[in-house]
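Chemist: no FASTA, just this:
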C-alpha cells in the first residue's frame, strides 16, 4: 500500500480590503473593527499555504504534480484576488466583510471545487489551507 | 502528550528521472528537474517526537540524543551528497521530497526509543515542504 504524504506549497498575493458591515452602525463598526474600518481600506501581502494530501505515486514519487497545483492555484486564487480591492471587485464580498476567515473559506470553496477535476494524480485532496494576513496573524482551515 | 521538534539542515543534489521513459517523457513529467547533471537544495528537516515527559528530568527525550540520531542517520548519509548516486535507495527511487521524507522516517523511527516519532517535515525550499506521519 502506498505511503500517504502531505505536500504544502506557499503562494502570495497582495490585496486591499476594508472591514465594514452595513448591518452595523458607524459606531459599532469602529468599535468592532477598529482601524480596519478606516474608510479608504488598507492592504496586505497575504501568504497562502495549500496542502495536498494523498498517496505517493509509485512511479513518479509525487503526491501532486506541482505544475498542476501551481496552475490551479494561479488561475483560481491568485488571478482572482491579486492586486484587487476585495470589497469592490469580488462579488462574494459585496455583502460581507472580507475578513481573513471569510477569505480563507472562499478560497477553500474555490479550490475544493476545482482541484478534484484537474489534479493529475488520483486520490488526492486539498486537506489544509493556511492564510497569513500579517506577520502576527494567520488563519487555518483543516478538513 | 508533549510534542518535541528538532530542526536540522543539509545540502544535497538530485535529479528526477525514470529510465523506463523516453527523454521527452521525462522532460514533460519532471521539467527542468530531469537534468541529469543534477541541481541542489538546502533542505530543512524538522523531526517531531511525541511522548510523555519524564517526571524526574522534565524531558520527553534528551535533545542531545535526538541530535546524535539525526547526525548519524541523516546528516552523515545525505549532507553534501548527490542523492541519486550516493544515497540508497535513490539510485532506483526518484528522490522527490515525498520519497526523501519517507526514507528519513524509515531511518529514524526504529532509533527513537523514548517517545515515538510523530512527524517528519522536510522543506525543499521555504515555499515547499512535505509532512509524513509514518503511514
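Modeler: All right, it came through fine. In this text the structure is predicted, and so the values were computed from the model without any measurement.

Chemist: does residue 74 sit in a helix, a strand or a coil?
Modeler: If you meant another chain, say so; for now it's chain A. helix (DSSP: H, G, I helix; E, B strand; the rest coil).

Chemist: wrong chain, I was asking about chain B
Modeler: helix.

Chemist: for it, give its distance to residue B:85.
Modeler: Separation of residue B:74 from residue B:85 (Cβ to Cβ, to the nearest Å) stands at 18 Å. For glycine as for every other residue, the C-beta is placed from the backbone atoms N, C-alpha and C.

Chemist: try residue B:91
Modeler: Remark: distance between residue B:91 and residue B:85 (Cβ to Cβ) = 7 Å.

Chemist: and residue A:126, what is it in contact with?
Modeler: Going by Cβ atoms under 8 Å, 6 or more residues apart in numbering or on different chains, residue A:126 touches A:50, A:51, A:52, A:108, A:111, A:112, A:115, A:143.

Chemist: and the fifth one, that's in a strand?
Modeler: No - counting by three-state DSSP, one finds residue A:111 to be helix, located in no strand.

Chemist: that one contacts residue A:69, doesn't it?
Modeler: No - using Cβ atoms under 8 Å, residue A:111 makes no contact with residue A:69, being 9.7 Å away.

Chemist: mutual contacts of those two, please.
Modeler: Residues touching both residue A:111 and residue A:69 (Cβ under 8 Å, 6+ apart) are residue A:50.

Chemist: between the two, which one's more packed in?
Modeler: Legend: neighbour count by other Cβ atoms under 10 Å in any protein chain shown for residue A:111 and residue A:69, higher for residue A:69 (24 against 21).

Chemist: chain neighbours aside, what residue packs nearest to the more buried one?
Modeler: Nearest residue to residue A:69 in three dimensions, chain neighbours excluded: residue A:9, at 5.9 Å (Cβ to Cβ, 6 or more residues apart in numbering or on different chains).

Chemist: residues contacting that neighbour?
Modeler: Contact analysis of residue A:9 by Cβ under 8 Å, 6+ apart lists A:49, A:50, A:52, A:66, A:69, A:70, A:73, B:127, B:128.

Chemist: out of those, who's nearest residue A:131?
Modeler: Proximity to residue A:131 was ranked across the contacts of residue A:9 by Cβ to Cβ; first place goes to residue A:49, at 8.0 Å.

Chemist: which secondary structure elements does the lengthiest helix in chain B contact?
Modeler: Ranked by residue count under DSSP state H, the longest helix found in chain B is helix B:97-108. Helix B:97-108 is packed against strand A:4-17, strand B:39-51, strand B:116-125, strand B:128-132, with contacts defined by 3 or more Cβ pairs under 8 Å, 6 or more residues apart in numbering or on different chains; DSSP states H and E.

Chemist: the more surrounded of residue B:74 and residue B:85?
Modeler: A count of neighbours by other Cβ under 10 Å puts residue B:74 above the other of residue B:74 and residue B:85, at 21 against 12.

Chemist: nearest residue to that one in space, please, no chain neighbours.
Modeler: Sequence neighbours aside, residue B:104 is the residue nearest to residue B:74 in space, at 5.8 Å (criterion: Cβ to Cβ, 6+ apart).

Chemist: and the one you found, what's its pLDDT?
Modeler: Listed pLDDT for residue B:104 reads 98.

Chemist: in chain A, which spans are strands?
Modeler: Under the criterion DSSP state E, chain A carries strands at the ranges A:4-17, A:42-55, A:84-85, A:125-132, A:138-142.

Chemist: okay, those in JSON lines with mean pLDDT next?
Modeler: JSON lines is the format used below for the strands of chain A (pLDDT from 0 to 100):
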{"stretch": "strand A:4-17", "mean pLDDT": "96"}
{"stretch": "strand A:42-55", "mean pLDDT": "95"}
{"stretch": "strand A:84-85", "mean pLDDT": "92"}
{"stretch": "strand A:125-132", "mean pLDDT": "96"}
{"stretch": "strand A:138-142", "mean pLDDT": "95"}
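
Chemist: appreciated, that's everything.
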